[in-house]
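**Q** Predicted structure and sequence below. I'll ask about it afterward.
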Amino acid sequence: MAILDRFYGIKQAGGLGITVLKDGSAAFNYCQVALDGHNLTFEKKLTTLGLNELIKHIGQAVPLSINISGRGVLYKQLERVEEISPANFSAVLPNVAMEDFYVQHFPSGKYSFVSVIRKAEADKWLDLLMEGGLLPVMLSLGPFPVEHILPQLNIYNEELMFGGIRVERSADKHWEKLTFNEGFQAVYAMKVENEVLDESLIVIYASAFQLLLSGKVNPVKADVPDLAATLDGLISNHKFRVNGMLVLVLFFVLLLGNFIWLSGLNAENARLADEVSTSARTSTDVRALADEIRQKESLLTALGWEEGINKSGLVDQAAALMPAGIILKQIDIDPVDAAADRSLGSVKFTDRKLLIRGESSQIIPVNEWVARLKSKKWVKSAELESYNFNNELNTGLFTIILGY
């Protein structure tokens, strides 16, 4: 899966340079890099060490990209071909069998740069490294892996020169000519981004870099089946470990989720059991409580309690509507029900009634008051129960019953 590719890749790689001298001895240079997310760091930079001393500085588990140069490595520049095969190998080395050589093909622009080394010569160095407990997984020949790191170097023109190597490139950055001379040295200090790098380590860093990003770049390397099998096995083992870790994490997440789910069910079961127990303990009290509530409601009804109605406010509103010419004598709120049975000595009150009594020399203001009262939304009914004229007092006595 593409999303897991960044976990499958190699996180640490070493570039080991073997420069075979004219007397058959070799100089060794080493550069070790590591990749953490998108950040690449230099872990080791070692130059001109003997093999035994170098082995002490390299971990046995670090995969190595070996670069061989110097005596025994032959270079040939040809017109560009798609591949080097026994059919066209004679253009590289005539009258020899391709099976006796490790061949590296680097096409660039209109040219192909072919590097070869006898298998016996390369295997001698690879065997020495493996006998020392090291892990070579890739072999490159000459400076051509540098192609992958050129955008990182402080190069400002088409010509590249460092460590006895000069590369001439076309305007479109394709390689056109490669020459060797000890006098070819960089004019300025070579840098990879902000990291100053010895000229002898440029090719070695490039070899390590292409191994580190072997799944993302097309490495410039010789075809060595044994090393390719080792690299494939290394990547497969790494994938197996990563996949195993993912499976373990998945199982852990599933177990954690299952634990949380079961814990939630147990908690819910305990809560329901507690509710059932509480319900069972209180079920016998419910009926008694209901009876008590009914009794209290009956008592409140008998006392004229009417759910918090502001009765004094109603009286004020009714009085505010009273026309001139009326003398208010009495307002009874929920008056005694005279028609109720009093055989048991109980007293009952009428619900939601105002009994208004007063005097008026004429009935017209009284009727007007009744009409005004009916205009109020809280008034359900308003009627003039009686109007009696008293000759002695020379006025009329009236009674209004108001329902709210």
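**A** That came through, no problem.
**Q** Can you measure across stretch 386-404, start residue to end residue?
**A** 19 Å (CA to CA, to the nearest Å).
**Q** give me the low-pLDDT residue ranges for the stretch 251-400 of the chain?
**A** Within the stretch 251-400 of the chain, the stretches with pLDDT under 70 are 280-281, 297-308, 340-347.
**Q** which residues of it fall in strands?
**A** In the stretch 251-400 of the chain, the strands defined using DSSP state E, counting those that start in this stretch lie at 326-333, 353-360, 381-390, 395-403.
**Q** looking at these, which is closest to Leu178?
**A** strand 395-403 (114.4 Å; CB to CB). Just so you know, the C-beta spots here come from the backbone N, C-alpha and C atoms, and that holds for glycine as well.
**Q** outside of the closest one, which residues touch it?
**A** Contacts of strand 395-403 with the rest of the structure, by CB atoms under 8 Å, 6 or more residues apart in numbering, involve 318, 327, 352-363, 366, 369-370, 373, 379-390.
**Q** before we move on, back to that, output the strands of the stretch 251-400 of the chain in CSV; the columns should cover distance to Glu292 and mean neighbour count.
**A** Shown next, in CSV, are the strands of the stretch 251-400 of the chain (distance: least, CB to CB, whole Å; neighbours: other CB atoms under 10 Å):
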stretch, distance to Glu292, mean neighbour count
strand 326-333, 28, 14
strand 353-360, 29, 20
strand 381-390, 34, 13
strand 395-403, 31, 18
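**Q** Let me have these in TSV, adding distance to Leu93 as columns.
**A** As requested, these are exported to TSV (distance: least, CB to CB, whole Å):
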stretch	distance to Leu93
strand 326-333	125
strand 353-360	126
strand 381-390	124
strand 395-403	123
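**Q** can you give me the helices in this structure?
**A** Applying DSSP state H to the chain gives helices spanning 5-8, 51-57, 119-131, 202-212, 225-303, 311-320, 363-374.
**Q** Tell me which of these is the most buried.
**A** Comparing the helices of the chain by mean neighbour count (mean count of other CB atoms under 10 Å), helix 202-212 comes out on top with a mean of 27.
**Q** Could you give the average pLDDT over that one?
**A** Across helix 202-212, pLDDT averages out at 94.
**Q** How far does that helix sit from its chain's centre?
**A** 33 Å (CA atoms, centre = their mean, to the nearest Å).
**Q** Likewise for stretch 229-244?
**A** For stretch 229-244, the distance to the chain centre is 27 Å (CA atoms, centre = their mean).
**Q** avg pLDDT for that stretch?
**A** On average, stretch 229-244 scores 78.
**Q** CA atoms only for it, dumped as PDB, please.
**A** The C-alpha trace of stretch 229-244 is given here as PDB (Å, rounded to 0.1, in the frame of the first residue of the first chain):
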ATOM      1  CA  ALA A 229      18.900 -10.700  -3.500                       C
ATOM      2  CA  THR A 230      20.400  -9.500  -0.200                       C
ATOM      3  CA  LEU A 231      18.800  -6.100  -0.700                       C
ATOM      4  CA  ASP A 232      15.400  -7.600  -1.600                       C
ATOM      5  CA  GLY A 233      15.600  -9.900   1.500                       C
ATOM      6  CA  LEU A 234      16.500  -6.900   3.700                       C
ATOM      7  CA  ILE A 235      13.500  -4.900   2.400                       C
ATOM      8  CA  SER A 236      11.200  -8.000   2.700                       C
ATOM      9  CA  ASN A 237      12.300  -8.600   6.300                       C
ATOM     10  CA  HIS A 238      11.800  -4.900   7.100                       C
ATOM     11  CA  LYS A 239       8.300  -5.100   5.500                       C
ATOM     12  CA  PHE A 240       7.600  -8.200   7.500                       C
ATOM     13  CA  ARG A 241       8.500  -6.500  10.800                       C
ATOM     14  CA  VAL A 242       6.500  -3.400   9.900                       C
ATOM     15  CA  ASN A 243       3.500  -5.500   8.900                       C
ATOM     16  CA  GLY A 244       3.900  -7.600  12.100                       C
END
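**Q** Once you drop chain neighbours, what's closest to Lys374?
**A** Among residues not flanking Lys374 along the chain, Ala382 sits closest, at 4.9 Å (CB to CB, 6 or more residues apart in numbering).
**Q** ditto for Asn181
**A** Leaving out its chain neighbours, the residue that sits closest to Asn181 by CB to CB, 6+ apart is Gly164, at 6.2 Å.
**Q** How about Gly50?
**A** Using CB to CB, 6+ apart, the closest residue to Gly50 is Phe28 (7.0 Å).
**Q** Beta-bridge partners for the one you found, please?
**A** For Phe28, the beta-bridge partners are Ile18, Leu49 (DSSP bridges).
**Q** doesn't Val20 make contact with it?
**A** No: contact between Phe28 and Val20 fails when scored by CB atoms under 8 Å: they sit 10.6 Å apart.
**Q** quick one: Lys374 from Gly109, how far?
**A** Separation of Lys374 from Gly109 (CB to CB, to the nearest Å): 106 Å.
**Q** I should have written Ala382 there, sorry.
**A** Distance, Ala382 to Gly109, by CB to CB: 109 Å.
**Q** do the same with Glu383
**A** 114 Å.
**Q** With Asp334 instead?
**A** With CB to CB as the criterion, Asp334 and Gly109 are 110 Å apart.
**Q** So between these two, which is more surrounded?
**A** Asp334 (18 against 13; other CB atoms under 10 Å).
**Q** Please tell me how far the more buried one sits from Thr350.
**A** As judged by CB to CB, Asp334 and Thr350 stand 6 Å apart.
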